[in-house]
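# here is my input, please return the structure:
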Amino acid sequence: MLKRIRVVTSLIIVLVIFGAMQLLSGGLFFHALNKDKTNFLISQTSSQNVAALTDAWIGLNQTRITLNRGMLRLQSSLASEINGGGLDELVQQSRAQLTEADKHYREYKAMPDTPGLDNNLSKRMEEKYVTLAKTLSDMTDLLAAKQLEEMLKKNIEQKQDDTQAVYTEWRSAQAELSAQGVAQNESAFTTMLWILGTIMVLVVAVIVLCWFGLQSILLLPLQKIMQHIKAIAAGDLTQPIEAEGRNEMSQLAASLKHMQQALVRTVSDVRDG
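Coordinates of the predicted model:
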């Protein structure tokens, strides 16, 4: 069967095989690289979202602490009279902390959502945050007006507990997505190593097969033809020349056989004459 394959065709087949393997390995590498990029984007976006919203959450907690200090001062009329100036400072501090928290929250809102994060969870987190921030802002105004009873009616403890619960769930979901991205990167890296190892083995196998194929199609027939040419040049026209197949080497052998037969006839004619 190999004698029917042309040399040029066999070389083209070898090039096609190596080209296909190169495309396969390149495609697999691009796929792995693109997947790593996606996982890195998820991890980076998650870290940025967590950092921004955590800073905002810390700001609200600091505001709550400041308001608690103010409420404690309002509980005593004597303390209110003595620390009136200090109460104004607490109001200013509370408003500054709310402003700082709002800045971080706006940074969070300007960022893209973490890919794969539950949208409903993000919405609940934002709703609880906005409610808590609005309540703390109202309490700051009430503190400035020294309306302790109205501040107590805001039920800030329950709102903070609700926000804390959703924030913990949201933070856990973000951490899980980051962990999944790391695990997928490690799995993809291991898989890529196995694939590259398999491709290397296939490349070696193809090289070996190509070597034996070229030996059978080109090198061995060419070596036999060279031996026949040397024999003819030495005057030996008795060696049989096989010319089977349709490839270039077979055609060359057939031409050499035809030349040998022509020389035999010529020698025979010379002897008869």
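
# average pLDDT across stretch 202-221?
Mean per-residue pLDDT for stretch 202-221: 80.

# return the set of buried residues in that stretch.
210, 213-214, 216-218, 221 (16 or more other C-beta atoms under 10 Å). In short, each C-beta sits where N, CA and C put it, glycine included.

# one more: stretch 15-28?
Buried residues in stretch 15-28 (16+ other C-beta under 10 Å): residue 25.

# show me where the stretch 151-273 of the chain has helices.
Using DSSP state H, counting those that start in this stretch, the helices of the stretch 151-273 of the chain run over 156-214, 220-233, 248-272.

# for these, which has the smallest mean pLDDT value?
helix 248-272 (a mean of 79).

# so what's the gap between that one and the chain middle?
Distance, stretch centre to chain centre, for helix 248-272: 66 Å (C-alpha atoms, centre = their mean, to the nearest Å).

# excluding chain neighbours, what is closest to residue 38?
residue 115 (7.5 Å; C-beta to C-beta, 6 or more residues apart in numbering).

# now the helices of the stretch 151-273 of the chain in TSV, with distance to residue 49?
As requested, the helices of the stretch 151-273 of the chain are arranged in TSV below (distance: least, C-beta to C-beta, whole Å):
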stretch	distance to residue 49
helix 156-214	7
helix 220-233	68
helix 248-272	67
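
# of the ones you listed, which is nearest residue 103?
helix 156-214 (18.2 Å; C-beta to C-beta).

# same for the closest one, what does it pack against?
Contacts defined by 3 or more C-beta pairs under 8 Å, 6 or more residues apart in numbering; DSSP states H and E place helix 156-214 against helix 7-74, helix 119-144.

# okay, now the domains of the chain?
Taking the TED database as the domain assignment, the ranges for the chain are 21-196, 202-272.

# please identify the most buried of the ones you listed.
domain 21-196 (a mean of 16; mean count of other C-beta atoms under 10 Å).

# sorry, back to before: for the residue nearest to residue 38, give me its contacts.
38, 41-42, 45, 177 (C-beta atoms under 8 Å, 6 or more residues apart in numbering).

# same thing but at 7 Å, please
Contact partners of residue 115, counting by C-beta atoms under 7 Å, 6 or more residues apart in numbering, are 41-42, 45.

# which helix or strand contains it?
Assessed by DSSP states H and E, residue 115 sits outside every helix and strand.

# backbone dihedrals for it, please?
phi -60, psi 130 (degrees, to the nearest 10).

# per-residue pLDDT, it?
pLDDT at residue 115 comes out at 85.

# so how far is residue 125 from it?
17 Å (C-beta to C-beta, to the nearest Å).

# residues contacting the helix or strand that contains residue 149, please?
Using DSSP H and E, residue 149 sits in helix 148-152. The contact list for helix 148-152, computed with C-beta under 7 Å, 6+ apart, reads 71, 74-75, 139, 142-143.

# and the average pLDDT for that helix is what?
87.

# now it, how far from the chain's geometric center?
Distance, centroid of helix 148-152 to centroid of chain: 54 Å (C-alpha atoms, centre = their mean).

# cool, and stretch 165-180?
Per C-alpha atoms, centre = their mean, the centroid offset for stretch 165-180 relative to its chain is 21 Å.

# who touches that stretch?
With C-beta under 7 Å, 6+ apart as the criterion, stretch 165-180 contacts 42-43, 46, 49-50, 57, 114, 116-118, 121, 124-125, 128.

# leaving out chain neighbours, which residue sits closest to residue 222?
residue 249 (6.3 Å).

# now that neighbour: how far from residue 218?
6 Å.

# same check, this time on residue 92
For residue 92, the distance to residue 218 - C-beta to C-beta - is 92 Å.

# with residue 128 instead?
77 Å.

# and what of residue 120?
Counting by C-beta to C-beta - residue 120 and residue 218 are separated by 69 Å.

# okay, now the unreliable bits of the stretch 1-150 of the chain?
1-10, 33, 36, 76-86 (pLDDT under 70).

# hmm, 50 instead?
Applying pLDDT under 50 to the stretch 1-150 of the chain picks out residues 1-2, 78.

# and the closest residue to residue 159 other than its chain neighbours, what does it touch?
Distances taken as C-beta to C-beta, 6+ apart place residue 132 nearest to residue 159, at 5.1 Å, with adjacent residues excluded. For residue 132, the contact set (C-beta under 7 Å, 6+ apart) comprises 60, 159-160, 163.
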